[in-house]
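**Q** Got a sequence here, can you model it:
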Amino acid sequence: MDNKGRNYFYIVIAVILCVIFGFLMGFIYAFSERRNTKEVLSPGGAVDGQSFEDYYFGEVNTLIYNRLFPEKKNSTVEEEDRKSENGGKIKDKIAYLTFDDGPSKNTEKILEILKEEGIKATFFLVGYKESENTVINKIYEEGHSLGNHTFSHRYDKIYTSVDSFMSDLKKQEDLIYNLTGVRPKIIRFPGGSKNTVYLKTGPAGIMTEIKKKVKEEGYHYIDWNVVTGDATMPYPDKQTMLENLKRGVKNKKIAVVLLHDTDSKNLTVEILPEIIKILKSEGFKFDTINEKNMKFIENYVMQR
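**A** So this is what the prediction gives:
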């Protein structure tokens, strides 16, 4: 092998090693059992010694896993880029603001900001905070989309079996129906569809079985492809969250933005007007996830 060939060989090996290193670092980030993302969540806010769970870690994992291993669909990503939910060409960049884990006292503040901006969003709701649940009707009456995020959001409960998950999901569906007359067919798994936290509470393969069941019952689960970082602990500062958003929406035509409206997410409320301003400056229009576009968005996000 001459010097030129040897140099080329070394370059190829170096590139391969860099790629392998990048994947390893991604897995270390995605599957680390702690990474300062552990938070207490229990019904009613009570801490009973049994309610600790990796509340937000699964959400970080889902984002990274989807980026490393996008699911294959009948059409390629490039083909999907050219199609809208109606089968036509995507003409506009669309942002879907999604809020998880509410309602809470912060939800009404968010609703006021959205009203001032003339924007509709999608709320993936839990139900265990009974005193806050009346806000669900207000969300619906103001024209926002409702999504099901399970009643309890308890990993150690919902991810033990298919029946446990479906029971919790149906309980939340009934709650939403009793308040609004609507049974949402869009859901978001606590921790996302690629979370690995379930491995601590359920048998291997339980997420696959749960996803199969929800599909059989006509639901569509929606993850996300943009985060601000408000799902991590310790809570990032304002500038970090906005920079995360800018990086996340780069080169995207469809941006499903993950946000949270729990009681502790005061900074999310504070920066929401700036989030909207950034998205507008990047050329995005806003829409809700609904019965008409949920399948398209589900497929689109899983490819990114």
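**Q** low-confidence ranges in the stretch 201-304 of the chain?
**A** For the stretch 201-304 of the chain, applying pLDDT under 70 flags the ranges 304.
**Q** Let me see the ranges of the helices in it.
**A** 206-216, 238-249, 266-281, 294-302 (DSSP state H, counting those that start in this stretch).
**Q** any chance of those helices in a markdown table, with distance to residue 139 too?
**A** Where you see a C-beta, it was placed from the backbone N, CA and C, and this is true even at glycine. Shown next, in a markdown table, are these (distance: least, Cβ to Cβ, whole Å):
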| stretch | distance to residue 139 |
| --- | --- |
| helix 206-216 | 22 |
| helix 238-249 | 23 |
| helix 266-281 | 15 |
| helix 294-302 | 17 |
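**Q** In contact with residue 283, which residues?
**A** For residue 283, the contacting residues are residue 93, by Cβ atoms under 8 Å, 6 or more residues apart in numbering.
**Q** what does stretch 169-176 contact?
**A** Stretch 169-176 has contacts (Cβ under 8 Å, 6+ apart) with 125-127, 133, 136, 146, 148-151, 158, 182-184, 187, 214, 219.
**Q** Take those and keep only those in helices.
**A** 136, 158, 214 (DSSP state H).
**Q** quick one on the thing from earlier: please identify which of the helices of the stretch 201-304 of the chain is closest to residue 121.
**A** Among these, helix 266-281 comes nearest to residue 121, with 9.7 Å by Cβ to Cβ.
**Q** just the CA coordinates of that closest one, formatted as PDB?
**A** Extracted C-alpha coordinates of helix 266-281, given in PDB (Å, rounded to 0.1, in the frame of the first residue of the first chain):
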ATOM      1  CA  ASN A 266     -42.700  29.200  36.000                       C
ATOM      2  CA  LEU A 267     -39.800  29.900  33.700                       C
ATOM      3  CA  THR A 268     -41.600  28.200  30.800                       C
ATOM      4  CA  VAL A 269     -44.400  30.600  31.300                       C
ATOM      5  CA  GLU A 270     -42.000  33.600  31.500                       C
ATOM      6  CA  ILE A 271     -40.300  32.700  28.200                       C
ATOM      7  CA  LEU A 272     -43.300  31.500  26.200                       C
ATOM      8  CA  PRO A 273     -43.700  34.900  24.500                       C
ATOM      9  CA  GLU A 274     -40.100  34.700  23.400                       C
ATOM     10  CA  ILE A 275     -40.500  31.100  22.200                       C
ATOM     11  CA  ILE A 276     -43.400  32.300  20.000                       C
ATOM     12  CA  LYS A 277     -41.300  35.200  18.800                       C
ATOM     13  CA  ILE A 278     -38.400  33.000  17.800                       C
ATOM     14  CA  LEU A 279     -40.700  30.500  16.000                       C
ATOM     15  CA  LYS A 280     -42.300  33.400  14.100                       C
ATOM     16  CA  SER A 281     -38.900  34.800  13.100                       C
END
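**Q** what angle sits between that helix and helix 238-249?
**A** If you take axes from the mean of the first three to the mean of the last three Cα atoms, to 10 degrees, helix 266-281 sits at 40 degrees to helix 238-249.
**Q** in helix 266-281, what's buried?
**A** Going by neighbour count (16 or more other Cβ atoms under 10 Å), the buried part of helix 266-281 is 268-269, 271-272, 275-276, 278-279.
**Q** The protein: strands as residue ranges?
**A** In the chain, the segments counted as strands under DSSP state E are 39-40, 52-53, 93-102, 122-125, 145-148, 186-187, 220-221, 226-227, 254-260, 284-286.
**Q** Deepest-packed of those strands, please.
**A** Highest mean neighbour count of the strands of the chain: strand 122-125, a mean of 27 (counted as mean count of other Cβ atoms under 10 Å).
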